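K.L.:
The following comprises the amino acid sequence and a computationally predicted model.
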Amino acid sequence: MTGTGALLRLILRRDRFLVPVWILGLTLAPVGYLSSIKAAYPDAAARQHFFDVNASSATFVVRNGPLYGSSTGNLLAWQCGFVPVVAALIALLTVVRHTRTEEEAGRRELTGATVVGRHAGLVAAVLAACGACLAFGLLAAAGLAAQGVPVAGALALGAGFAVAGWVFAGVGAVAAQLTWGAGGARGFGIGALVLAFLLRAAGDSSGSAAWLAWLSPIGWAHRLRPFAGEQWWVLALGVFATGFLVAVGVALSARRDLGAALLPARPGRPAAKASLRSPLTLAWRLQRGSLLVWTACLALVGLLMGGVAQNVADVLRDNRKIADVFSRVGGGGAVVDAYLAGTMTLFGLAAASYAVQATLKLRAEEAAGRAEPLLATAVGRIGWALAHLTFAFAGSAFVLAVTGWATGLAYGSGFGLVPAALAQLPAVWVLTGLAVLLTGCFPRFAAAAWGLLAAFLVLSLVGSALQWNDVVLGISPFQHLPRLPGGTFTAAPALWLAAIAAATGAAGLFALRRRDIPVG
């Protein structure tokens, strides 16, 4: 473990902007939820009506987990049911980034040549991820307690967020030893997270198989029972699982060579297929996995959200305040239309995440040293970049179309919600253009595109629900889109956003054509 402290300080220095952004951004979610709940359900009768409708709704339970009571704290804990999944995903990606990605880039070999122990890098990455999750949990608990909810419940809710992140930091430590690349490690870890969510959902929605939720770290966060008679001993499960997974990761790391993997890689063909002899087909080979995963995951979420829409009218009956909250987030019109419009905004933000990931593949290929030999052939820079951007722009449209269709299928409108989903495209493309601009002009800071996405997420969801100033909310491109279904489509905002996307994308490509490749 020699040098663990030094490597931990290095990780914190490299993430000194990214980590505070995601901690503060996630903290705003439960704090914003609590303010909305207090405004929407000011008395016990309103809260009891919400409980009566939702406690037995399978679709709501699958999405957010069990609802243990009708107090403000109970509604808050239920509303935050998906936050542990987000915290777990961030912790997982943080560990993979500072372990397997470092090996791919060759930096692990350089640091390993100094006075650093074999396992110091892995342990430092886990400590950084777990420390960030702990800071998030404590900050969220402090923010909630400051708004008057019971301190014990706030601490239990924050501890659930943190423990979910800890366990999946351990999953990331194991995944980084199994596969040949960071992409495979991320896929393995995200697959484990999806399985954990499905186990939790199956256990919570089925009385006879409730034990399944106890197999899921996400289920443990709910079994802490914040504001409903806290079960503090459940924390021991998360701590033990984290320690066990990290120990397994360390043991596996000792059994492999630097840059190697424990799972054997499938040997490739001696010569490339004809279908791989152009930049576009090569980009398809590199991008297809993430495109299919994003499409499948969002389609499943769309089926769930479409099923929930069937019960929204019952949930909001006789409660105009919460209906107004949905209307602010999702637009005017009927309550169900406002709910669906808000859901489309969520899907737009998710599709923007895919588009940013697809765009930053350019920078990843450059940093890994794979772009330079490719560009030494007859392939030009603009052609190479456009091949990847085809999947960022067209791929995001495909993701939204499939997600809109899946949501409409569950809701009963078939293809009726596809136009509402595609209406999010101009804002998605603005983020894509900004990511291209950062990659071309400021390649070392290309990852700041994720920070822009996080800022737009906070403005579009938390800011709208809390009725922030319109000028501040207008920073987000999603704020200028028509709220469909239920709203009126106007072409001018969409055309302006498309023009901004085209201008920023063109500027980024111009800069990419003129700068050095690679830039370290």
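P.N.:
Perfect, I can see it now.

K.L.:
In the stretch 151-300 of the chain, where is pLDDT below threshold?
P.N.:
Applying pLDDT under 70 to the stretch 151-300 of the chain picks out residues 206-208, 259-262, 264-265, 272, 275.

K.L.:
As a check, name the ranges of all helices in it.
P.N.:
Listed in chain order, the helices of the stretch 151-300 of the chain (DSSP state H, counting those that start in this stretch) span 151-178, 182-205, 217-223, 234-253, 279-316.

K.L.:
Pro66 is nearest to which of these?
P.N.:
With CB to CB as the criterion, Pro66 lies closest to helix 182-205 of the helices of the stretch 151-300 of the chain, at 5.2 Å. Every residue, glycine included, has its C-beta placed from N, CA and C.

K.L.:
so Ile517 touches Arg370, yeah?
P.N.:
No: if you go by CB atoms under 8 Å, Ile517 and Arg370 don't touch, sitting 11.0 Å apart.

K.L.:
related to what we said a few turns ago, just put the helices of the stretch 151-300 of the chain in a markdown table and tack on distance to Gly69.
P.N.:
Below are the helices of the stretch 151-300 of the chain laid out as a markdown table (distance: least, CB to CB, whole Å):
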| stretch | distance to Gly69 |
| --- | --- |
| helix 151-178 | 11 |
| helix 182-205 | 15 |
| helix 217-223 | 13 |
| helix 234-253 | 18 |
| helix 279-316 | 17 |
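
K.L.:
closest to Gly5 out of the ones you listed?
P.N.:
Closest approach to Gly5 among the helices of the stretch 151-300 of the chain is made by helix 234-253 (16.9 Å; CB to CB).

K.L.:
Now do the closest one against helix 151-178, angle only.
P.N.:
20 degrees (axes from the mean of the first three to the mean of the last three CA atoms, to 10 degrees).

K.L.:
which of the residues in helix 234-253 are buried?
P.N.:
Buried residues in helix 234-253, counted by 16 or more other CB atoms under 10 Å: 234-235, 237-238, 241-242, 245-246, 249-250, 252-253.

K.L.:
could those go into a markdown table alongside distance to Ala454?
P.N.:
Listed next are the buried residues of helix 234-253 as a markdown table, based on distance: CB to CB, whole Å:
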| residue | distance to Ala454 |
| --- | --- |
| Val234 | 30 |
| Leu235 | 28 |
| Leu237 | 30 |
| Gly238 | 25 |
| Ala241 | 28 |
| Thr242 | 25 |
| Leu245 | 27 |
| Val246 | 27 |
| Gly249 | 28 |
| Val250 | 32 |
| Leu252 | 32 |
| Ser253 | 31 |
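
K.L.:
Just flag the most distant two among those residues.
P.N.:
Val234 and Ser253 (29.2 Å).

K.L.:
Nearest to the spatial middle of the protein, which residue is it?
P.N.:
Against the mean C-alpha coordinate of the chain, by CA atoms, centre = their mean, the closest residue is Val86 at 5.8 Å.

K.L.:
what's the helix or strand for the residue nearest to it when sequence neighbours are not counted?
P.N.:
Nearest non-adjacent residue to Val86, counting by CB to CB, 6 or more residues apart in numbering: Leu26, 6.5 Å away. Using DSSP states H and E, the element containing Leu26 is helix 18-40.

K.L.:
following that helix, which helix or strand comes up?
P.N.:
Counting by DSSP H and E, what follows helix 18-40 is helix 44-54.

K.L.:
Distance from the chain centre to stretch 199-219, please.
P.N.:
Computed by CA atoms, centre = their mean, to the nearest Å, the separation of stretch 199-219 from the middle of its chain amounts to 22 Å.

K.L.:
what do you get for stretch 353-373?
P.N.:
Using CA atoms, centre = their mean, the offset of stretch 353-373 from its chain centre is 19 Å.

K.L.:
Can you list the neighbours in contact with that stretch?
P.N.:
With contacts defined as CB atoms under 8 Å, 6 or more residues apart in numbering, stretch 353-373 is touched by 104-105, 283, 286-287, 290-291, 294, 374, 384-385, 388-389, 391-393, 395-396, 399, 428-429, 431-432, 435-436, 439, 443, 446-447, 449-450, 453, 512, 517-520.

K.L.:
could you redo the last one with a cut-off of 6 Å?
P.N.:
104, 287, 294, 385, 388, 391-392, 395-396, 399, 428, 431-432, 435-436, 439, 443, 446, 449, 453, 517-518 (CB atoms under 6 Å, 6 or more residues apart in numbering).

K.L.:
Please list only the buried members of these.
P.N.:
104, 287, 294, 385, 388, 391-392, 395-396, 399, 428, 431-432, 435-436, 439, 443, 446, 449, 453, 518.

K.L.:
Go through the residues you listed and flag which are in helices.
P.N.:
104, 287, 294, 385, 388, 391-392, 395-396, 399, 428, 431-432, 435-436, 439, 449, 453 (DSSP state H).

K.L.:
Low-confidence stretches in the stretch 1-150 of the chain?
P.N.:
Using pLDDT under 70, the stretch 1-150 of the chain drops low at 53-60.

K.L.:
all helices for it, in order.
P.N.:
Using DSSP H, counting those that start in this stretch, helices in the stretch 1-150 of the chain cover 4-14, 18-40, 44-54, 58-64, 72-79, 83-97, 100-105, 107-112, 120-145.

K.L.:
possible to save those as TSV with distance to Leu193?
P.N.:
Converted to TSV, the helices of the stretch 1-150 of the chain look like this (distance: least, CB to CB, whole Å):
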stretch	distance to Leu193
helix 4-14	22
helix 18-40	16
helix 44-54	25
helix 58-64	16
helix 72-79	20
helix 83-97	6
helix 100-105	17
helix 107-112	24
helix 120-145	14
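
K.L.:
Of those helices, give the one that comes closest to Ala164.
P.N.:
Nearest of the helices of the stretch 1-150 of the chain (CB to CB): helix 83-97, 3.6 Å.

K.L.:
Run the angle between the closest one and helix 182-205 for me.
P.N.:
Helix 83-97 and helix 182-205 are oriented at 160 degrees to each other (the same axes, to 10 degrees).

K.L.:
For stretch 472-484, buried residues please.
P.N.:
For stretch 472-484, a neighbour-count test (16+ other CB under 10 Å) marks 473, 476-484 as buried.

K.L.:
Just give me the least confident of those residues.
P.N.:
For the buried residues of stretch 472-484, the minimum pLDDT belongs to Leu473; the value there is 74.

K.L.:
right, and that one touches Gln479 too?
P.N.:
Yes: with contact defined as CB atoms under 6 Å, Leu473 reaches Gln479; the gap is 5.0 Å.

K.L.:
burial count for the residue nearest to Val86?
P.N.:
22 (other CB atoms under 10 Å).

K.L.:
can you tell me how far it sits from Leu224?
P.N.:
The gap separating Leu26 from Leu224 is 18 Å, by CB to CB, to the nearest Å.

K.L.:
got it, and Arg483?
P.N.:
The separation that Arg483 has from Leu224, given CB to CB, amounts to 36 Å.

K.L.:
do Gln147 as well
P.N.:
In this view, Gln147 and Leu224 are 20 Å apart by CB to CB.

K.L.:
Looking at these two, which has the bigger crowd around it?
P.N.:
More crowded of Gln147 and Leu224, by other CB under 10 Å: Leu224, with 24 against 14.
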